[in-house]
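Peer 1: what shape does this take:
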Amino acid sequence: MAIFKKMHSALYLILLASWNILGVAVADKDSETIRQLQGTVAALGRQLIMQQLFVEERIRSEGSSGIKQIRLQTDGTRPYHSTTYTGNSAVSIHNHANYDRTIGMGEFVAVLNGVEFRTRHNDYKFVMPCRRSKDFHCTEDIPFPDVPSEVTDKATVQEQIAEMKEWFKAWKNQDESHRDYTKYFKPNLCYLEGAWMKSSASLEESFDSDRHFLDATDWFDLHEKARFSAYSGRKDNLENFAYLPVIISGLINGTIPELAQWNYRILCHPLKQDIPFSHFRTVDDLHSRMAYKSNMAELTESRRARFQLNPENKENWGEEHVYAHSFLDELMEQVPGKDNYVANLTDDIFGDTALILDQGERDNDVLNAGYYHRWFKVAKKGANGLKKLHRGFSDQNIFMAMTSQEKVAGLGIEECPKKRSKKQVCERVEQKWTYAIPLEVVYSTPLSSWNPYNLHFKGDAKSDLGKTVREGPNGSVRNGKKEANLAFDGTNDALYYHTPVEIFFTNGDKDAADTVRYGGVGVLDRQGEVRSLDASGFRIELNIDGVGEIRQRWPIMPVSVEGSTIMKEIEALKDMVMKQRKYIDLYRQKPLAALDGDNSTFQRDIVLETTAATEDPPGYHTHIVRLTPDQVKAMKEEGQQVKVTTSTDMGHFHELRVKYAKRCNCFLIVKCDQTRGHCWDGHTATLTPTTK
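Peer 2: Next up is the predicted model:
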């Protein structure tokens, strides 16, 4: 019976009861009783599988993938005084800048594709999947940006400091003419990935941390610790427990359970393009502002801030529907699944190959499903008349990637030809998928590489050489004070102090989880002289002397509850209450403040219609184009062209670039897909107002 101790506890109890009830008959090898027992176990196993599906479907329908909760830190007289997905900081982010690659992030509860789980204390590392290897969970360091030659060419350290500040000034002001900062300040997209793993594998850390690990001997031990901590209300003081569910993923021969173990990891991807700061805007988490009595500016500058990425790769913001591919999609599609960057997989289930959702030069190219995506299209329109599809039924946030990794638990179905016949041959098809959401955009800077005093970097703090950083004379221990016998003897990856203290003005707000020594430490250079250095690792915000505060970490994680109908209603109400002048015409009864005069600035969307198509196929049809007031303002007052997506008709849609023409007081198509002025199916450049 020992083998059952590794099984799902519910199934174990069922099998144990069946064994005890029918023990005598089994001992007598009664074949009929054995068959009955096998049938009972098979039915109960299937019921457990369906019960798990029910739980996941319930979670999927009540929200979307995203962060759900952090550990309770505060309480008060109002419900919003207690923590949600944010408290003292969003998702418990904090500073470990004394490490070279550690990005501080605490515990949280998350949902990925209907699977709810709780992480350990994360403190993830600045690494990415392997670029040239498919090895399971293979990672490599993301290269740090170089130091500008304009800095290193200076004759003295003080001159280097002055020049480095000019680079940070250019980055803060987003001024490439002052210094071309985009070469040395690089955005990286860090993401949360989850997958069902074959439970036969031993407990395995799916991602590295310099400070934390899953504190258990095996998966069963971890489950028991998670149960006990929930039962007793206690936590592991080092926060190394996690709740990671296990399920019955299938039944071999209908009776032998196959278990799947959920696991997650956090990695980063160096983005191919720059992301200007103007592409972020603060999410108005009103409950957090109320709890801390903060206005929007104060929230933006705090650790509690969460940001939204502009759906379009542009500076100007609007409030419009995003009908398909967004800027976030463009970024996440650079991120590989568990096959790493060499992934090359095709999703051709149900006889419909997934294609790239692109109306341009890559139109009809097969989608590489081994990279994270949520939008794709198929060649033939479905029952709803559409070709473009979104992963999941209603999960707006989920990104998915296929994998071929042996350790990932797959799921299969019998796939039969769509045209049924008596001679049809069905085939068993299996796929393996993993899931992801973005967590934050983290900018790497030249501070990670800059070592103006040429300090001896001794690598791994746990290595023999790395340990000498703390070894003092006559067996004493160095603590980093600015005295020759106490200053650190060089640096290592856990005491990564290379930046002259003159760079930083102050170190900003602090958190109990921070480990960086604010105000600098003493480090011996190669000549034995004590230098005053500050930490060179990642921070939430950098406060550069003479420049000001610059945010280095931009949390953009979605929140699970935002996918619920209740939250959508609350967000709509919040917009109406907080922006009364803009939405005054939507009130059933105008607020008292608006009764004294007509203060309405409400503007409705402009709805336009294309001219009729002239090509057959596809045949006669038109498309609807919707322009928001913000888009209209940008075109009329600033002369901009805007990118919009038409409605889907006759199984297709168009990506348009539209401008406003003063001569006719009208809107015209500048580019349709990849064609200037008109569309491939014959729509001309004219857009006509309509009431449709």
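
Peer 1: in the lengthiest helix in the chain, what counts as buried?
Peer 2: Ordering each helix of the chain by length in residues (DSSP state H) puts helix 31-62 first. Judged by neighbour count (16 or more other CB atoms under 10 Å), helix 31-62 contains these buried residues: 37, 40-42, 44-45, 48-49, 52, 56, 59-60. Just so you know, the C-beta spots here come from the backbone N, C-alpha and C atoms, and that holds for glycine as well.

Peer 1: what sits against Pro473?
Peer 2: The neighbourhood of Pro473, defined by CB atoms under 8 Å, 6 or more residues apart in numbering, consists of Asn485.

Peer 1: identify the farthest-apart pair in the buried residues of helix 31-62.
Peer 2: Leu37 and Arg60 (34.6 Å; CB to CB).

Peer 1: stretch 650-660: how far from the chain's middle?
Peer 2: Per CA atoms, centre = their mean, to the nearest Å, the displacement of stretch 650-660 from the mean C-alpha position of its chain is 29 Å.

Peer 1: now it: mean pLDDT?
Peer 2: The average pLDDT within stretch 650-660 is 88.

Peer 1: list the buried residues for that stretch?
Peer 2: Those buried within stretch 650-660 under the rule 16+ other CB under 10 Å are 650-656, 658-660.

Peer 1: one more: stretch 559-579?
Peer 2: Those would be 559-563, 567, for stretch 559-579 by 16+ other CB under 10 Å.

Peer 1: in the residues you listed, find the pair that's most separated.
Peer 2: Distance extremes for the buried residues of stretch 559-579: the farthest pair is Ser560 and Met567 at 9.4 Å, using CB to CB.

Peer 1: quickly list what's touching both of these two.
Peer 2: Gly63.

Peer 1: any low-confidence regions in this protein?
Peer 2: Counting by pLDDT under 70, the ranges of the chain that qualify are 1-29, 200-201, 322-323, 359-361, 363, 418-422, 507-509, 592-602.

Peer 1: mind giving me the domain ranges of it?
Peer 2: For the chain, automatic domain parsing gives the domain ranges 2-62, 63-145+187-447+553-563, 152-186+448-552, 564-594, 606-689.

Peer 1: who's in contact with the residue nearest to Val283 when sequence neighbours are not counted?
Peer 2: Leaving aside its sequence neighbours, Val283 sits nearest to Arg306 (CB to CB, 6 or more residues apart in numbering; 4.6 Å). Residues near Arg306 by CB under 8 Å, 6+ apart: 86, 90, 282-283, 285, 555-557, 559.

Peer 1: of the residues you listed - the most surrounded one?
Peer 2: Neighbour count (other CB atoms under 10 Å) singles out Ala90 as the most crowded of these, with 30 neighbours.

Peer 1: gap between Leu439 and Met332?
Peer 2: 11 Å (CB to CB, to the nearest Å).

Peer 1: between the two, which one's more packed in?
Peer 2: Leu439 (29 against 21).

Peer 1: pretty sure the more buried one is touching Val91, no?
Peer 2: Yes - the pair Leu439 / Val91 is scored as a contact, 7.4 Å apart, by CB atoms under 8 Å.

Peer 1: mutual contacts of those two, please.
Peer 2: Joint contacts of Leu439 and Val91 (CB under 8 Å, 6+ apart) are 105, 555, 557.

Peer 1: as a markdown table, those residues with secondary structure and distance to Thr152 would be great.
Peer 2: Shown next, in a markdown table, are the shared contacts of Leu439 and Val91 (DSSP: H, G, I helix; E, B strand; the rest coil; distance: CB to CB, whole Å):
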| residue | secondary structure | distance to Thr152 |
| --- | --- | --- |
| Met105 | strand | 32 |
| Pro555 | strand | 33 |
| Met557 | coil | 36 |
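
Peer 1: alpha carbons of stretch 496-511, as PDB, please.
Peer 2: Backbone C-alpha positions of stretch 496-511 (Å, rounded to 0.1, in the frame of the first residue of the first chain) are rendered in PDB as follows:
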ATOM      1  CA  TYR A 496      27.300  43.500  -5.700                       C
ATOM      2  CA  TYR A 497      28.400  46.900  -4.600                       C
ATOM      3  CA  HIS A 498      30.200  48.600  -7.600                       C
ATOM      4  CA  THR A 499      28.400  51.900  -8.000                       C
ATOM      5  CA  PRO A 500      30.000  55.000  -6.400                       C
ATOM      6  CA  VAL A 501      27.700  56.500  -3.700                       C
ATOM      7  CA  GLU A 502      27.800  59.900  -5.500                       C
ATOM      8  CA  ILE A 503      25.500  58.500  -8.200                       C
ATOM      9  CA  PHE A 504      22.500  58.200  -5.800                       C
ATOM     10  CA  PHE A 505      20.800  61.200  -4.100                       C
ATOM     11  CA  THR A 506      18.700  59.200  -1.600                       C
ATOM     12  CA  ASN A 507      17.500  55.600  -1.700                       C
ATOM     13  CA  GLY A 508      13.800  56.400  -1.600                       C
ATOM     14  CA  ASP A 509      11.200  54.500   0.400                       C
ATOM     15  CA  LYS A 510      12.100  51.200   2.100                       C
ATOM     16  CA  ASP A 511      10.500  47.900   2.800                       C
END
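
Peer 1: for Leu455, state which of the shared contacts of Leu439 and Val91 is nearest.
Peer 2: Met105 (28.0 Å).

Peer 1: quick check: closest non-adjacent residue to that closest one.
Peer 2: Leaving aside its sequence neighbours, Met105 sits nearest to Asn122 (CB to CB, 6+ apart; 4.3 Å).

Peer 1: next: Thr686.
Peer 2: Nearest one to Thr686, counting by CB to CB, 6+ apart, is Thr611 at 5.5 Å.

Peer 1: what comes up buried for stretch 460-470?
Peer 2: Quick answer for stretch 460-470 (16+ other CB under 10 Å): 461, 466, 468-470.
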